[in-house]
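J.: Task: produce atomic coordinates for the following.
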Amino acid sequence: MGVVISRSSILGPASRPVAIPLRFDTSSDVKAQGGVELPIHIWWSEPRRVFDLRSPKDRLRVYELVLSEGDEDDIRFYVRYDDLRSVWGQLFLPRHVREAWERKFPQLSASS
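T.: Just a heads-up that it's a prediction; the model follows:
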């Protein structure tokens, strides 16, 4: 009989910690703008791609990728909190990522 591998609360994507900056909603950090190429730990697909943060479609994709794969520094650099609030309901995020963010920032779930 073969080995059965299944997802659990211990293994799989949901077991990874979700990066959420402590002062994200009040941060005055320098923010990315215009065309950006995401670091390899966020966007590892080929070919490399430049996302235009002025494009609503590209900005949504960057936010989805950065919230799911990025670290706190990535989030502070690529994501603007006010923009995040306005597009929160449109983002396709893994359940554990969405739930973690909504626990930390309950106003996000109210904005969708």
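J.: where along this structure do the strands fall?
T.: Listed in chain order, the strands of the chain (DSSP state E) span 35-36, 51-52.
J.: Run through the neighbouring helices and strands of the last one.
T.: Think strand 51-52. Strand 51-52 is packed against strand 35-36, helix 56-69, with contacts defined by 3 or more CB pairs under 8 Å, 6 or more residues apart in numbering; DSSP states H and E. (C-beta placed from N, C-alpha, C; glycine too.)
J.: Kindly recompute the last result at 7 Å.
T.: helix 56-69 (3 or more CB pairs under 7 Å, 6 or more residues apart in numbering; DSSP states H and E).
J.: Show me what counts as buried in the helix it packs on.
T.: Asp58, Arg59, Leu60, Arg61, Val62, Tyr63, Glu64, Leu65, Val66, Leu67, Ser68, Glu69 (16 or more other CB atoms under 10 Å).
J.: At the geometric centre of the protein, which residue sits there?
T.: Leu67 (1.2 Å; CA atoms, centre = their mean).
J.: Now do that residue against Pro47, distance only.
T.: 23 Å (CB to CB, to the nearest Å).
J.: what residue ranges in this protein are flagged as low confidence?
T.: Counting by pLDDT under 70, the chain contains low-confidence ranges at 1-14, 25-28, 111-112.
J.: And the helices in it, which stretches?
T.: For the chain, helices defined by DSSP state H occupy the ranges 56-69, 72-78, 81-87, 95-104, 106-111.
J.: Now distance to Phe24 too, for the strands of the chain, in a markdown table please.
T.: Converted to a markdown table, the strands of the chain look like this (distance: least, CB to CB, whole Å):
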| stretch | distance to Phe24 |
| --- | --- |
| strand 35-36 | 18 |
| strand 51-52 | 20 |
